[in-house]
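*Asks:* test case, fold it:
(one chain, ligands or ions: 3)
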Amino acid sequence: MIAAATKAIPEATVVPNQDAAGHVTGRSLYLDDLPTFEGTLHAKIFDSPLAHGTVRRLDWSRAAQREGVVRIFSATDIPGHNNIGGIFPDEPLFATDTVTFMGQPLLLVVAESEELAEAALADIEVDIDPLPVVTDPREAFGLGQLLSPSRTFQKGDVAAAFANCAHVFSGRAETGGQEHLYLETHGAYVQPLEGSSLRVYSSTQGLRHVQETVAHLLNMGMHQVEVDVTRLGGGFGGKEDQAAMWAAMAGLAAYHLRRPVKCMPHRMEDMRMSGKRNPYSSDYRIGLDADHKIVAFEATYFQNGGAAADLSPAILERTLFHGTNTYGVAHVHLTAHSCKTNLPPNTAFRGFGGPQGMFVIEAAIDQAAKALGISTIELQRKNLMPEGYEFSYGQIVRGCHAAECWDEAARRFDLPRLQSEVETFNGANKLFKKGLALMPICFGISFTNTMMNQARALLHIYWDGSVSLSTGAVEMGQGVNTKMQQVAARSLGIRRDRIRVESTNTTRVANTSPSAASATADLNGKAVQIACAEVLERLTAVARQHLAAGDADISIGNELVHIDGIATELDWKTLVHLAFAQRVNLSAKGHYATPEIHFNKATGKGHPFAYHVYGTAITVCTVDCLRGTYEFDAVQVVHDFGKSINPLIDLGQCEGGLVQGIGWMTMEEVVYNEQGKLLSNALSTYKIPDIYSVPKVLDIHFLDAPGSDGAILRSKAVGEPPLMYGIGAFFALRNAVLAFNKNALVPYSAPMTPEKVLMGLYNPEV
Ligand code: MTE
Ligand code: HPA
Ligand code: MOS
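*Replies:* Numbers count the residues shown, from 1 in each chain. Ligands and ions are numbered 1, 2, ... in the order given. Here you go, the predicted structure:
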């Protein structure tokens, strides 16, 4: 599969991920691979066994006596603020009087080894008087339990528009949670430095939040907390904010004990204690005119936020931004509620609420088409937004490739042939049925919180011509370090292997935004360009003087100084020596802030995104109608990468995102029982796609497109958008079920697990 896909990439454009060799040989360093400092202690969290209740008694005296236990910490040991909330200060590090979810920390046991800390947990006694547990967002809404004020985006006049529509349909759509299942679990390792300062090694996408949380917990300035990240074994949004808890735990112990402390959960602890993708339950109403144009769309989204706000209010907002996906609709009214339930606080996950919103309008369109007896595909195509369309949030679409991606996919992959193949197959087979669906996407690039769209880079050129590059970007497998190296090499006109991309560290690059929103390469890459340009200006001045070049054009390429585009004999290393001898500054900082974006939260209008990413996927599946099991024959995509600076990495992002999206829509099922206990709490009860469940054919075509000025070197952001192609898997499966049983009752409720497929096939009975 990989070989077939990569054939499409011209040899000359292949730049291997700089981490590839380290990853396959096991030499890449993750948090738990750091050499252990002498005297290191290990911390384990004692967490709430109930999802809601009043803590009557908490007794750790026996545990504290155990061999190897150094100390047990509770909320009273916090010198500063008992809070780890990011957007709102609504989440304690340790619960005190009340517990609000199962897995919520109550105590921290610190011992000489991980085993001894873990053994001591069993000796802790807790009595909790149970309180009512709410796990359903609509029930929470009914009780008035909201995490943040509800939000509305609107344009036009939906009420009047619906009154004039030829066809109106309404329904409900639901999407489930999703476990991040990064290969590397959460974790932090904190080393006390001189005075009261701390160095925090953290598996985090968001260094600033970790730094700030630890500092405020300990009543220190942020300058006393250094955070360092080499790389993550995956984050997928799960480590955007929630990494702070583990750092706070280890930080608290290291602060009091003045010894290094490591706090890392096992997989099952990680799954139990951390939040997941927000499940949503939504109501929609869609109105079409006689010509089947969507005139009005209305939706109410109930987001399951869990017990604290975490990032849910921001995720809620992105749901609204993507509520109409790729479709042009004149009258729109979208309302979203962030509902407080007794589950671990849910959090960012690839797509950040966008996928949840897009699923709802896809369900509405599918329902309308089926009720009208027309093809969903026709209805989707007819309503793709045009250039110049105004989103409900006021941004005007520029550089729209929605229809282009769709039409190119239909042409290149011969949609009419695919459709007739599916029909022929279904006519000839009784026990196997195929389904086909198209999924167009449109995803806005920029943090929806305008302030966060800034980044910095620090560049040092050493005396020998080698280069140290620091940015705020966190490498989590998405290949951003390779891209940063490429950007610097291009800017300076030197070989990539001269450039070392350093760990991400708050003392070198401060106030970082999290590596998230797919914008890491854009924001940090542009900061790198700015830093490089500054040093280059100084270096070319030295070269100009040295070569007596007058006012000719001086540039550096292939490690040589060029005059008016012609290579001289002055090479990079010699130039650096010359500059140093003349006491020229060989270091620079770059600061980038995305221009022109703005958004007014109060009015819900503005221009929040630097640009949008487009694409269309065609999904074909086969359902075994005896067993309810299924396979994906093919997912064929035309995707707008712009001018990709690294097609190999970008293709990998596209494939990975797509498969992760299929997992969310099909086999991945996060299950809590009514007591708020996570039942899908291990790899035996939570299944993510493996090599056997990826589509048999995965064909991703790069749209010939100009990219955007807002993207680094016109290479568009790629981290999240492809996940949303996975939504096509749900609709393809649903269509296959309907091909078997045209009266099947299959609610628009994801994931479409084999159990749900089976129920659909025989309900009502055929
Ligand atoms: N790819 C890998 N291998 N590992 C990850 O954790 N995270 C995704 C995406 N691709 C992720 C990944 C998410 S949620 C985002 S927002 C982007 O990468 C972040 O990186 P970028 O901004 O550099 O695209
Ligand atoms: N995307 C991802 N992460 C974020 C965002 C966003 O728009 N805003 C805040 N964190
Ligand atoms: Mo990604 S959900 O923005 O970390």
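*Asks:* can you count the residues close to residue 379?
*Replies:* When neighbours are defined as other Cβ atoms under 10 Å, residue 379 has 20 of them. (Each C-beta comes from the backbone N, C-alpha and C, glycine too.)
*Asks:* same question for residue 43.
*Replies:* Around residue 43 there are 26 residues (other Cβ under 10 Å).
*Asks:* which stretch of helix or strand covers residue 189?
*Replies:* strand 188-192 (DSSP states H and E).
*Asks:* packing partners of that strand?
*Replies:* Packed against strand 188-192 by the contact rule (3 or more Cβ pairs under 8 Å, 6 or more residues apart in numbering; DSSP states H and E) you find strand 198-202, helix 243-257, strand 261-263.
*Asks:* quick check: phi and psi on the nearest residue to residue 553 once chain neighbours are set aside?
*Replies:* Computed as Cβ to Cβ, 6 or more residues apart in numbering, the closest residue to residue 553 that is not its neighbour in sequence is residue 564, at 5.1 Å. With angles defined as degrees, to the nearest 10, residue 564 sits at phi 50, psi 40.
*Asks:* how about the residues of the protein near ligand 2?
*Replies:* Residues of the chain that fall close to ligand 2, judged by Cβ under 6 Å from any ligand atom: 240, 311, 314, 318, 348, 352, 447-449, 452, 516-517.
*Asks:* now do the strands in the stretch 151-300 of the chain.
*Replies:* 151-155, 167-175, 188-192, 198-202, 225-229, 261-263, 280-288, 294-306 (DSSP state E, counting those that start in this stretch).
*Asks:* work out the sheet partners of the first one and label each with its direction, please.
*Replies:* This points to strand 151-155. Using DSSP bridges, strand 151-155 pairs in its sheet with strand 331-340 (antiparallel).
*Asks:* what residues sit buried inside the partner strand?
*Replies:* Using 16 or more other Cβ atoms under 10 Å as the test for burial, strand 331-340 gives 331-340.
*Asks:* and what of stretch 624-636?
*Replies:* Buried residues in stretch 624-636 (16+ other Cβ under 10 Å): 624-625, 628, 630, 632-636.
*Asks:* name the nearest residue to the closest residue to ligand 3 within the stretch 101-250 of the chain, ignoring sequence neighbours.
*Replies:* Residue of the stretch 101-250 of the chain nearest ligand 3, by Cβ to the nearest ligand atom: residue 237 (2.8 Å). Counting by Cβ to Cβ, 6+ apart, residue 237 lies nearest to residue 348, which is 3.3 Å off, once chain neighbours are set aside.
*Asks:* next up, the contacts around that neighbour.
*Replies:* For residue 348, the contact set (Cβ atoms under 8 Å, 6 or more residues apart in numbering) comprises 237-238, 240-241, 311, 315, 516.
*Asks:* next one: residue 392
*Replies:* 153-155, 320, 323-324, 329, 332, 334, 604.
*Asks:* run the last query once more with 6 Å
*Replies:* Residue 392 sits next to 153, 155, 332 when contact means Cβ atoms under 6 Å, 6 or more residues apart in numbering.
*Asks:* same check, this time on residue 190
*Replies:* Residue 190 touches 198, 200, 250-251, 254, 261, counting by Cβ under 6 Å, 6+ apart.
*Asks:* looking at those, spot the one nearest residue 432.
*Replies:* The closest of those to residue 432 turns out to be residue 250 (Cβ to Cβ; 53.1 Å).
*Asks:* in contact with that closest one, which residues?
*Replies:* Neighbours of residue 250 in contact, by Cβ under 6 Å, 6+ apart: 43, 188, 190, 261, 263.
*Asks:* let's have the contacts of residue 392 in JSON lines, adding distance to ligand 1 and pLDDT.
*Replies:* Shown next, in JSON lines, are those (distance: Cβ to the nearest ligand atom, whole Å; pLDDT from 0 to 100):
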{"residue": "153", "distance to ligand 1": "22", "pLDDT": "98"}
{"residue": "155", "distance to ligand 1": "28", "pLDDT": "98"}
{"residue": "332", "distance to ligand 1": "26", "pLDDT": "98"}
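*Asks:* tell me the one of those nearest ligand 2?
*Replies:* For the contacts of residue 392, the closest approach to ligand 2 (Cβ to the nearest ligand atom) belongs to residue 153, at 14.7 Å.
*Asks:* what about the residue of the chain most remote from its centre, distance to residue 572?
*Replies:* Each residue of the chain has a distance to the centre, and by Cα atoms, centre = their mean the biggest one is for residue 548: 51.6 Å. Distance, residue 548 to residue 572, using Cβ to Cβ, to the nearest Å: 19 Å.
*Asks:* from memory residue 237 sits against residue 349, does it?
*Replies:* Yes - between residue 237 and residue 349 there is a contact under Cβ atoms under 6 Å: 4.4 Å.
*Asks:* count the neighbours of the residue in the stretch 601-750 of the chain that ligand 2 sits nearest to for me.
*Replies:* Going by Cβ to the nearest ligand atom, ligand 2 is nearest to residue 720 of the stretch 601-750 of the chain, at 8.0 Å. Using other Cβ under 10 Å, residue 720 has 28 neighbouring residues.
*Asks:* surely it touches residue 351?
*Replies:* Yes - between residue 720 and residue 351 there is a contact under Cβ under 6 Å: 5.1 Å.
*Asks:* neighbours around residue 366, how many?
*Replies:* Residues near residue 366, counting by other Cβ under 10 Å: 22.
*Asks:* also residue 386?
*Replies:* Neighbours of residue 386 using other Cβ under 10 Å come to 10.
*Asks:* tell me the pLDDT of it.
*Replies:* According to the predicted model, the pLDDT of residue 386 comes to 98.
*Asks:* for it, what are its contacts?
*Replies:* Contacts of residue 386 by Cβ under 6 Å, 6+ apart: none found.
*Asks:* element containing it?
*Replies:* Per DSSP H and E, there is no helix or strand for residue 386.
*Asks:* check residue 455 too.
*Replies:* Here residue 455 is assigned to strand 454-461, by DSSP H and E.
*Asks:* adjacent strands (with direction) for that strand?
*Replies:* strand 467-471 (antiparallel), strand 587-593 (antiparallel).
*Asks:* ok, which of the ones you listed comes nearest ligand 1?
*Replies:* strand 467-471 (10.9 Å).
*Asks:* touching the helix or strand just after the closest one from outside, list them.
*Replies:* Downstream of strand 467-471, the next assigned helix or strand under DSSP H and E is helix 480-492. For helix 480-492, contacts defined as Cβ under 6 Å, 6+ apart pick out 17-18, 469, 471, 473, 475, 496, 499, 501, 520-521, 525, 528-529, 532, 645-646.
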